[in-house]
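J.: just coords:
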């Protein structure tokens, strides 16, 4: 083997090693995080964690019930809002390709997808919190919906474009008007992909705390009314993590485990339907 | 139901409904811009747009606000995090597409993408209780003691080795943006035609030479868009940074010491702002963040356009 070849082999070997190392540098911290969340979190998940409101600072005990309920309320409101606007925008982009609004809409969706989440919180603060005069779960849902709309729109447009045009033609040939074709043929055929998009959007929104800091704000008392301030799991996690109390730290790990498990399940489901 | 209602009016109504909702999305985007612009008007009127950007005093008590420190903090953390994240992200993409055995591809790709699914607050929590003590004990203290003994000039540059500050925030930020760069790079690498690789192997190239000379150049547009996406994430990332950076708006920043980014400043002070000017200054910081995000996106579109026009599209 001549020297030149040996040098090339050595280089190949070295670079492959570096690639391997780089991958390890990414995966090891992830496993480290997952391990810690699991080990620290599992001890905090007692029945009280799910069924009790928070105890006063430093007292110990108490649970996350208001935050769990708040997460469910705020996230489902946000999902409904994002689904209505996001799916409609996706239908417009995919099924009415010549609509004059489309170039602008496509640009807007791309830009919105890249905006920091905290800006959505500022907007919801000005548009919802200020006119109402107080923080509310609803304003948090609006902020999260702004975050989720581009995800839903992109997913909807993408999957609608995959539906064969023959399906639309078949519907039109049967004498169905356009709107019935879209509602009864195209959208049902695209159901899986749209649900995937909604799931991804939910996974993204459910973990956000930044836009909720000054919209949903947080509330230690149990409430189902979205017009009142509400706690959500990420918000509570943040407050507990930066607090000085040992017991709150423990509960923060519990919230992290619950949140991570829910979000991982959602994105895993989405990924599986996406591959099918 | 008469035929014309079902047919004509139905189509008309449905198209209008969809268009109105689509217009709502456009309106929401305009609303974001208008709201942030109007909200920041008072701050810009008081300090001037460029005065606000370049002044480095942020003092809520005296009512003087300049956005330069948080702007600088954002630029530093985002670019350093991108620098740290780029090669591991690319390596993970190359590993999945080019090197891993078939059975390992999906799991590794899934795990990398999982990094993007984990909430920001979870990173922050892990950062506070696991990473910060580690960084303090094994990175900052040794460096600090070394500098104190050998290179005292470096001490003011390094800052207090408390673990909470610029370094820890940047490390976590880097980890958080890896999946964005990696998954787009992975898609781009996977789109490179197999014939390109085979031609190169047939010429006697090693695996690395194939990757370096053919696959990466072919996929560079996709790799680049991943980098931009990661940068956009890094600019706006809020919670984890807020929990780890120490939130000190005062210059000068040091390597270990506390600092602030635009997003962390807003998150930290918005609910505590009690004067209109303070509130307006925070919204103005948000407006600057908006401009920065838009600028990043536009620059990326432009470069991507040039990259893909010259030869291969991604």
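T.: Thanks, I have it. Note that the structure is a prediction, hence the values are computed from the model and not measured.
J.: any low-confidence regions in the chain?
T.: All of this is about chain A. Along chain A, the parts satisfying pLDDT under 70 run over A:1, A:58, A:274-276.
J.: my question was about chain B
T.: Applying pLDDT under 70 to chain B flags the ranges B:1-2, B:4, B:308-314.
J.: residue ranges for the helices of chain A, please.
T.: A:3-42, A:47-51, A:65-95, A:102-113, A:117-124, A:130-132, A:137-162, A:165-173, A:178-181, A:187-189, A:191-206, A:233-241, A:246-275 (DSSP state H).
J.: Deepest-packed of those helices, please.
T.: With neighbours taken as mean count of other CB atoms under 10 Å in any protein chain shown, the helices of chain A reach their highest mean count in helix A:117-124, at a mean of 28. In short, each C-beta sits where N, CA and C put it, glycine included.
J.: what angle do the host helix or strand of residue B:20 and helix A:137-162 make?
T.: Secondary structure from DSSP states H and E places residue B:20 in helix B:10-39. Calculated by axes from the mean of the first three to the mean of the last three CA atoms, to 10 degrees, helix B:10-39 forms an angle of 130 degrees with helix A:137-162.
J.: and helix B:10-39 with chain A, contact?
T.: Yes. Counting by CB under 8 Å from any CB of the partner chain, chain A is contacted by helix B:10-39 at B:10-11, B:13-15, B:17-19, B:21-26, B:28-29, B:31-32, B:35-36, B:39.
J.: ok, residues contacting whichever helix or strand comes after that helix?
T.: The first helix or strand that comes after helix B:10-39 along the chain, using DSSP H and E, is helix B:41-47. Helix B:41-47 has contacts (CB atoms under 8 Å, 6 or more residues apart in numbering or on different chains) with B:52, B:55, B:65, B:66, B:276, B:277, B:280, B:281, B:283, B:284.
J.: who wins for proximity to chain B among the helices of chain A?
T.: For those, the distance to chain B is smallest for helix A:3-42, at 2.5 Å, taking CB to the nearest CB.
J.: does any bit of that closest one sit next to chain B?
T.: Yes. Applying CB under 8 Å from any CB, one finds helix A:3-42 touching chain B at A:8-9, A:11-12, A:15-16, A:18-23, A:25-27, A:29-33, A:36-37, A:40.
J.: Pop out the phi and psi values for residue B:259.
T.: Dihedral angles of residue B:259 (phi, psi; degrees, to the nearest 10) stand at phi -150, psi -170.
J.: Nearest the middle, which residue of chain B would you pick?
T.: Compute the mean C-alpha point of chain B, and by CA atoms, centre = their mean the closest residue is residue B:234, 1.7 Å away.
J.: likewise chain A?
T.: Centroid check for chain A by CA atoms, centre = their mean gives residue A:204 as the closest residue, at 1.6 Å.
J.: what residues are up against that one?
T.: Going by CB under 8 Å, 6+ apart, residue A:204 touches A:147, A:148, A:151.
J.: which residue sits closest to the last one in space, ignoring its chain neighbours?
T.: Distances taken as CB to CB, 6 or more residues apart in numbering or on different chains place residue A:201 nearest to residue A:151, at 4.2 Å, with adjacent residues excluded.
J.: I figured that neighbour was touching residue A:85, is that so?
T.: No. In this structure, residue A:201 is not within contact of residue A:85 by CB atoms under 8 Å, at 11.3 Å.
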